[in-house]
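Student: just the structure for this:
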Amino acid sequence: MTMSSAYELRIRLPPLCPSLEICDDQSLIFLSSSSQSPPTGRLPRRLPHPKMKLLSVKDVLKREEDIQHPEVEYDVIKEHGDKTLRYAILSHRWDENAEVTYEEMIGLTKMEQRKRDEVRNRSGYQKIIKTCEQATKDGCEWVWIDTCCIDKRSSAELSEAINSMYRWYQNAQVCYAYLNDVKESTFPTEKDYRAYGDESYGWPEWFMRGWTLQELIAPKQIEFFNRNWAPIGKKQHLAPVLEEITTIPCDVLRDGMAGKRLSVAQIMSWAADRKTTRVEDRAYSLMGLFEVNMPMVYGEGKRAFQRLQLEIIRTSGDQSIFAWDLWMARTGSVLADDPSDFLGCGDVEKVEPDEFGDYLVDYIQLWRLGNPWYIQLNARKISTNPIHHCRLAWLKWRARALSQQLRTFTVSNAGIQVCLPVIPLPDSPSHFRAILACIRDSSLVTIDIVYSGSSFARIQCDSLDSTAYPMFTTLHLAHNQDINEKRREFTLDDVHASYHKFTRCGTYPHEFTGNTVTLSSLMDGLVVVVYANEDAGSYFAVGLGYYLGQGWVHVVCDEHQEAHSRQSFGWAAYNRMWRARAEHARNMSKLRGTHLARNTHFVKHAHLPRSIWAARVVWGRWELNNFRVMVDVEQCPGCCDGPWGTTTLNDWGGLSMPGLMNTARRTYSLKLDGWLAEVDRCSGQRNSLGDYGDYVDGILIRTGNIFEDMPSLGIDPKLPDYCPPVSRVSSDTRSKYYKTDQAGVTIAYHITGDARPALRQGRGVSLPANEHFVRLLKDFSTRLAGKHLVTTIVQCSDFYSIDRKGNRMDSGDDLAPDSGMHDAERILTPFCAIASPQVWRREPPCVRRREQFERIRKHFYALVNIHHPTGFELRRKFVVRRTMWQPQIFSYNCTV
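Tutor: I've put the predicted structure just below:
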C-alpha cells in the first residue's frame, strides 16, 4: 500500500479511529481503540498472508497428562502458514466467562496450583482438550481455536486474524462444529422451541450467531458434535436440513461460493437474523464472504456495516446491494443500516449488463409504461403503437451501450455515482423510482429516491401512478445520513380546544410530549393527534403529514360512531389519513395555486356529529417557515366544507401576539424591542390598548375595552399575567436617510411622501402573549364575535413630521393626550395596531348547505303530508322558531 492510499484511509476513518503506524515496507497496521495495552514503539512487519498460531495437538495432550509436573515446559502454540500443513479448526459458541485466552494457554504451567485448576475446570479448556483428542483421531497434528490462538492484547494481530479468518476456515482439513446446547445423539431436523428457545427460532444457538455463518460456508468438511462431543452428522449429508435452517442453498453448502452466481442481497440475507455480541462484528463477520478487507474500529457502531458496504461497492458492480427492504419509514442513505434490512432478500438475483435491456423491456410492458395501445388476441396483448415499439428498441440499445456504466460505481464525498434508469413521479419533480439491475420473481427491483439538494436519498413510497418511460441518468446516491434533509418542527397550539373541555388524549403512531412535532420533508410522515370531550362523547383527530415533499393538514371526526374507544378511533383516523395522504397533499397543492394563494393562513373545519361544535384547524404557509398549527373548537356556523383561505397573520418577525391575529391596516413601520412592527395612524382619535369594536373605513368604533371587562369575569387586570409589556421604540432601517440631531427621537417609515413622522421618547405597549390572555380572548369569543381589537399602541411625549434634512415640519398637537396629564407630562398615542383575533372570527354560513337543507326540508314535508306554510306565515313561524331557540342554544354553549 502506498503512502497516498494510507492517508486516504486515515481521512475516511471516524474520530474514534485508531492510530496508524507505517512499517518499513509502507504497509499499514491499524490499532483498535479497544486495545487493552498501549502500542509499542515498533510493530512487526505485516505480511501479505500472516502466519497463524496453531496448537500442537501432541504437546497439548502431553502437557495435560503431565500436569502434575509443572516444571516441564511444553511449546503448545507455534506459528505456521495455513497452506503448508494439515490442521483442524473449531467452530463453537463462545462462553464469555469460561473461555481460555492465549496468555493463559501458554502460561498454564507457570500458574499457581489454585489458578491452574480453575482454568482446567473451565468448559472452554475442556473444549480445547476434546478438540485435540478428535484431531488425533482424524490424523491432524495441529488445531486452531479462536479463543486461545489469537493474542487479543495486540489489536494488530486481532485485526489480521479477523481479516484472514475466512481463508483459515477454508483451508482447514476439517472443521469441528460444537453445538453445546444439543443433548440428543442425532442432529435436530425440526424446530424445538422448548429445547432451544424463541431467540434462536427453535434451532441450536450456533446457527443464530454472526461469526458461525462464514464458519459454516468456508470449510470443505464440517463435522457436528453435541454437548458430549458425540458426532451427530456432517455438512455434506445434512445440507438439506441446513438449507432449511439457514436459507443457504444446498450447492453453496456442499461446494462453496466459488463459481456461483450469488447476489450481494442474497448473501446478506443469510446474516439478516443472526446476532453478535458487539454491533461492529455484524459487519466484520461478513468480510470473508465478500472477499473484502478493512480495518477494525471497535466503537464505531453501525458505521462498520456502512464501511463494509462501501468496500463491497468498490470491488463489485452488483446493484442488488441497494435492493434491501425499507421496513420502517426513514430517509437518508441508500445503504442499509444493518444486515436485518436484507431479511427476505434471498430470492434477489443479480442481472448481468448484457441481460438488463431485455429485463427492462419486460418491466415496461408489465407496468404499461409509456401509455401503449394494446389489442387482445386470445390470451396475448399485442401493442399497436409503433412509437412505443421504437422507444422500447431504443431503450434496449441504450442499456447495452451503457453496460460498462451500469456496473461501475464511484464513491466520493458527493455520494455513490451510478448510472440507473429512473421514472419521475408525477406528484413531485424531485421524487423518482430507480430501476436496479437485479430481479425478484422475474421482475426488476426498484427503489424510491428523492433529490435532497446534493444527492439522492432513499425514501419509502407506496404507489407509483407515473406512466413515463424510464430515462438513463447518472446519479449521486447518498451513502451517509448527512443529507440536506429538512426536519420541520411544528408548534401545536391547542389551548383554545380546552375551552370546550376538549383535551389531547392520544398521539399516533407514537407518543410525544410537549407542543412540538418533528417531521421530515423527504419522507412520508404522519402524526395524528386525537382530542376528546369525555362528557359529551365527542372525538376528532388532527393530522400533520408529508407526502412526496408536500406538507398537508387534515381533520376528521367520528361521523358514524365506528370507534368504541378513543384509542380505536385514533388508530382508525391514522389509517384513514395514511391511505388518503396522496389526495390530501394534492389538495393542499391545489389550494396554494388558486386565488387563495395570496392568503397567509388556511382553515379547515370538521363538524362534530351529535353536537353544535366544529373542530377548526388553522395553519400557515410552510414555505414561509410558518409552522404553527392552531386547533380550536367553536360553534359550527354550517360551513364545514372548507378548506378556505384567510389572511390571519401576526406581524412577520414582529412582536408575539396572544394567538393568531389579522391586522387591519399597516401603513407605518418601526421597531419595538428590535422587532419590526407595522402600525397605523390613530387619525386624531385616542385609542387605548384593549379597545374593541367595529372597524369601519379604517376607524375603530369603540364599544368597550378588554381590561375594563375583566372584572366581570372575576379577573384582576393588575395581575402579572395580564399586565401589558412595554417595548423600546426605535427607527426602521429604511428611515436611515432621515436623520435628526436630537436624542430620543424615533422616525417611523412610510412608503409614500417625503415627510416622515418623528416621535420623542416613544414606547410601545402590547397585549400580553401568554396562555392566560389567549384563554381570556377565547372567553370573549361568543360575545365579541366579529369585533376588532387594539393589540398595540405607540405612545410618546411629542409627535411631529420631519423632512430629509431633519427639519421639523409640523406638530402633532392635534392628537388628544391621555386624560389627567399636564402639558409637561402629556402622553400622545399617534400609532396603534388594530387586528381581528382568529378566535373572534365567524365565517358566514355556507349558502350551498342552506339550500341543500331547504330541499331536504321540503322533501320531508312532502313525504309526511304535512302542510308546508308559505309566504307571510312561513316568515312569521321562522321568526318565532328562531326567537324560541336562540336563548336555548346560547345557554347550552355557556354551560358546556
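Student: for stretch 413-421, buried residues please.
Tutor: Under the neighbour-count criterion of 16 or more other C-beta atoms under 10 Å, stretch 413-421 has 415-421 buried. No exception for glycine: its C-beta is placed from N, CA and C like everyone else's.
Student: between those, which is nearest residue 785?
Tutor: Residue 785 lies nearest to residue 415 out of the buried residues of stretch 413-421, by C-beta to C-beta, at 56.1 Å.
Student: mind listing what that closest one touches?
Tutor: Residue 415 makes contact with 454-456, 475-479, according to C-beta atoms under 8 Å, 6 or more residues apart in numbering.
Student: mind running it again at 6 Å?
Tutor: Residues in contact with residue 415 (C-beta atoms under 6 Å, 6 or more residues apart in numbering) are 455, 476-479.
Student: in strands, which of these fall?
Tutor: Counting by DSSP state E, the contacts of residue 415 place 476-477 in strands.
Student: let me have the contacts of residue 415 in a markdown table, extended by neighbour count.
Tutor: Below are the contacts of residue 415 laid out as a markdown table (neighbours: other C-beta atoms under 10 Å):
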| residue | neighbour count |
| --- | --- |
| 455 | 23 |
| 476 | 17 |
| 477 | 24 |
| 478 | 26 |
| 479 | 22 |
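Student: just flag the most distant two among the contacts of residue 415.
Tutor: 476 and 479 (9.3 Å).
Student: show me where the stretch 201-350 of the chain has strands.
Tutor: Ranges of strands in the stretch 201-350 of the chain, per DSSP state E, counting those that start in this stretch, are 222-225, 231-234, 349-350.
Student: looking at those strands, which is closest to residue 284?
Tutor: Evaluated over the strands of the stretch 201-350 of the chain, closeness to residue 284 peaks at strand 222-225, with 21.5 Å, by C-beta to C-beta.
Student: pLDDT on that closest one, on average?
Tutor: In this model, strand 222-225 carries a mean pLDDT of 98.
Student: all numbers from here: first residue = 625
Tutor: Okay, residue one is now 625; in that scheme the one you just asked about reads as strand 846-849.
Student: circling back to that earlier point, looking at the contacts of residue 1039, which is nearest residue 915?
Tutor: Closest to residue 915 out of the contacts of residue 1039 is residue 1103 (20.5 Å), distances taken as C-beta to C-beta.
Student: show the pLDDT at the closest one.
Tutor: Among the per-residue scores, residue 1103 shows a pLDDT of 88.
Student: and the gap between it and residue 957?
Tutor: Going from residue 1103 to residue 957 by C-beta to C-beta, to the nearest Å gives 5 Å.
Student: ok, now residue 1388?
Tutor: Using C-beta to C-beta, residue 1388 is found at 50 Å from residue 957.
Student: out of these two, which sits in the more crowded spot?
Tutor: The neighbour comparison of residue 1388 against residue 957 (other C-beta atoms under 10 Å) goes to residue 1388, with 26 against 21.
Student: you'd agree that one is in a strand?
Tutor: Yes - the assignment for residue 1388 by DSSP: H, G, I helix; E, B strand; the rest coil puts it in a strand.
Student: what's the neighbour count on the residue nearest to residue 1125 when sequence neighbours are not counted?
Tutor: The shortest distance from residue 1125 to any non-neighbouring residue, by C-beta to C-beta, 6 or more residues apart in numbering, is to residue 1157 (5.0 Å). By other C-beta under 10 Å, 21 other residues sit near residue 1157.
Student: give me the beta-bridge partners of residue 1157?
Tutor: Beta-bridge partners of residue 1157, counted by DSSP bridges, are residue 1162.
Student: save the buried residues of stretch 1037-1045 as a markdown table, and put in secondary structure too.
Tutor: Converted to a markdown table, those look like this (three-state DSSP):
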| residue | secondary structure |
| --- | --- |
| 1039 | strand |
| 1040 | strand |
| 1041 | strand |
| 1042 | strand |
| 1043 | strand |
| 1044 | strand |
| 1045 | strand |
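Student: closest to residue 1411 out of those?
Tutor: Checking the buried residues of stretch 1037-1045 against residue 1411 with C-beta to C-beta, the nearest one is residue 1039 at 57.0 Å.
Student: quick check: that closest one vs residue 1104, distance?
Tutor: Counting by C-beta to C-beta, the gap from residue 1039 to residue 1104 is 9 Å.
Student: ok, residue 1058 next?
Tutor: Taking C-beta to C-beta, one finds residue 1058 at 18 Å from residue 1104.
Student: and residue 847, by the same measure?
Tutor: According to C-beta to C-beta, residue 847 and residue 1104 sit 44 Å apart.
Student: more neighbours, the two?
Tutor: A count of neighbours by other C-beta under 10 Å puts residue 847 above the other of residue 847 and residue 1104, at 19 against 14.
Student: in contact with the more buried one, which residues?
Tutor: Counted by C-beta under 6 Å, 6+ apart, residue 847 has contacts 800, 855, 858.
Student: of those residues, grab the buried ones for PyMOL.
Tutor: Buried residues among those (16+ other C-beta under 10 Å), as a PyMOL selection:
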select buried, resi 800
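Student: can you redo the contacts of residue 847 as a markdown table with distance to residue 1342 and pLDDT?
Tutor: What follows is the contacts of residue 847, written out as a markdown table (distance: C-beta to C-beta, whole Å; pLDDT from 0 to 100):
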| residue | distance to residue 1342 | pLDDT |
| --- | --- | --- |
| 800 | 88 | 98 |
| 855 | 92 | 97 |
| 858 | 92 | 96 |
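Student: any chance of TSV for the contacts of residue 847, columns distance to residue 1288?
Tutor: Converted to TSV, the contacts of residue 847 look like this (distance: C-beta to C-beta, whole Å):
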residue	distance to residue 1288
800	88
855	92
858	89
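Student: just the contacts of residue 847 now: which is nearest residue 1114?
Tutor: Using C-beta to C-beta, the contacts of residue 847 come closest to residue 1114 at residue 800, 59.8 Å.
Student: which other helices and strands does the helix or strand harbouring that closest one contact?
Tutor: Per DSSP states H and E: residue 800 is located in strand 798-802. Applying 3 or more C-beta pairs under 6 Å, 6 or more residues apart in numbering; DSSP states H and E, one finds that strand 798-802 contacts strand 711-716, strand 846-849.
Student: may I see the contacts of residue 1039 organised as TSV, with distance to residue 1149 added?
Tutor: Listed next are these as TSV, based on distance: C-beta to C-beta, whole Å:
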residue	distance to residue 1149
1079	20
1100	24
1101	21
1102	18
1103	23
